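Q: Sequence first, predicted model second:
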Amino acid sequence: AQKITQTQPGMFVQEKEAVTLDCTYDTSDPSYGLFWYKQPSSGEMIFLIYQGSYDQQNATEGRYSLNFQKARKSANLVISASQLGDSAMYFCAMREGVLAGNQFYFGTGTSLTVIP
Amino acid sequence: GAVVSQHPSRVICKSGTSVKIECRSLDFQATTMFWYRQFPKKSLMLMATSNEGSKATYEQGVEKDKFLINHASLTLSTLTVTSAHPEDSSFYICSASEWRGRWEQFFGPGTRLTVL
């Protein structure tokens, strides 16, 4: 089974509107972390937001917020007030456990295009 | 803080030659580094986990004699693509783990390898 599933290969959003990028995960480890990264055409991976499995509140970082529904194992990224510079690939990732060597599992990504 | 560099950013080589890619953590020590490969518009594929002072752990299907990884110090890991062929052309990204109240991965900017 896939550890991370992103079902939207491509999304379009009007500038200044909000958009939700879906992510579901699969793990039996009670301790895990969920990450969202942005990858523009330059290729660098830019960290956006983090949600820990024991965090009681949904994470927020500026225009980014994470809609964490633990029972449904979903961790959707919400981008508010979209900007043209938000056009990029977005990856959801999960790390299981608490060890430094624990790998990150990445989803297949969602390509977001912001329309002026 | 937590800057990871990669060198070179782009390399073009002839088939049959070997190419070395360096990954450095510039302002922190990383006992664990990861090497990924990414095809166009695809997700990151973990190739191997590199631990300082020990042998790398390769993912299934990754040829360890083809992709040599050396993690000789706490700030440097290298990936050598030996006897490169056109099918090795790809975007290679490294990351390094650091404890920030949780284990985070900080990514290098990537290396685009083209084998002619």
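A: Arrived safely. Numbers count the residues shown, from 1 in each chain, chains lettered A, B, ... in the order given.

Q: lowest-confidence helix or strand of the chain?
A: Just going to use chain A. Every helix and strand of chain A was ranked by mean pLDDT, DSSP states H and E. The lowest is strand A:104-106, at a mean of 91.

Q: wrong chain, I was asking about chain B
A: strand B:103-107 (a mean of 88).

Q: Give me the contact list for the least confident helix or strand of chain A.
A: A:3-4, A:35, A:91-96, B:34, B:43-44, B:46, B:95, B:105 (C-beta atoms under 8 Å, 6 or more residues apart in numbering or on different chains). For the C-beta atoms, the positions are set from N, CA and C on the backbone; glycine is no exception.

Q: Report pLDDT for residue A:73.
A: Listed pLDDT for residue A:73 reads 97.

Q: and the gap between it and residue A:109?
A: 19 Å (C-beta to C-beta, to the nearest Å).

Q: Show me what from chain A comes close to chain B.
A: Listed as neighbours of chain B in chain A under the rule C-beta under 8 Å from any C-beta of the partner chain: A:33, A:35, A:37, A:42-45, A:47, A:50, A:52, A:89, A:91, A:95, A:98-104, A:106-109, A:111.

Q: I would like a ChimeraX command selecting only the buried ones among these, please.
A: Selecting only the buried entries of these in ChimeraX, with 16 or more other C-beta atoms under 10 Å in any protein chain shown as the criterion:
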select /A:33,35,37,43,44,45,47,50,89,91,95,100,102,103,104,106,107,108,109
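
Q: Mind checking which of the residues of chain A next to chain B land in strands?
A: If you go by DSSP state E, the residues of chain A next to chain B have A:33, A:35, A:37, A:47, A:50, A:52, A:89, A:91, A:95, A:104, A:106, A:111 in strands.

Q: Which one of the contacts of strand A:104-106 sits in the busiest neighbourhood?
A: Most neighbours among the contacts of strand A:104-106, by other C-beta atoms under 10 Å in any protein chain shown: residue A:92, with 29 neighbours.

Q: what's across from it in the sheet?
A: residue A:36 (DSSP bridges).

Q: pretty sure it contacts residue A:107?
A: Yes. Between residue A:92 and residue A:107 there is a contact under C-beta atoms under 8 Å: 4.4 Å.

Q: May I have stretch A:71-91 as PDB, with CA atoms only?
A: C-alpha atoms of stretch A:71-91 as PDB (Å, rounded to 0.1, in the frame of the first residue of the first chain):
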ATOM      1  CA  ALA A  71      -9.100   9.500  12.100                       C
ATOM      2  CA  ARG A  72      -9.400   9.800   8.300                       C
ATOM      3  CA  LYS A  73      -5.600   9.900   7.900                       C
ATOM      4  CA  SER A  74      -5.700  13.000   5.800                       C
ATOM      5  CA  ALA A  75      -3.400  16.000   5.900                       C
ATOM      6  CA  ASN A  76      -4.700  18.400   3.200                       C
ATOM      7  CA  LEU A  77      -2.700  21.600   2.500                       C
ATOM      8  CA  VAL A  78      -4.800  24.800   2.200                       C
ATOM      9  CA  ILE A  79      -3.200  27.800   0.500                       C
ATOM     10  CA  SER A  80      -5.100  31.000   1.000                       C
ATOM     11  CA  ALA A  81      -5.000  34.100  -1.200                       C
ATOM     12  CA  SER A  82      -3.100  32.300  -4.000                       C
ATOM     13  CA  GLN A  83      -0.300  34.200  -5.700                       C
ATOM     14  CA  LEU A  84       1.300  33.700  -9.100                       C
ATOM     15  CA  GLY A  85       4.400  32.600  -7.400                       C
ATOM     16  CA  ASP A  86       2.600  29.700  -5.800                       C
ATOM     17  CA  SER A  87       2.600  27.900  -9.200                       C
ATOM     18  CA  ALA A  88       4.800  24.800  -8.600                       C
ATOM     19  CA  MET A  89       4.700  21.100  -7.700                       C
ATOM     20  CA  TYR A  90       3.600  20.300  -4.200                       C
ATOM     21  CA  PHE A  91       4.600  17.200  -2.300                       C
END
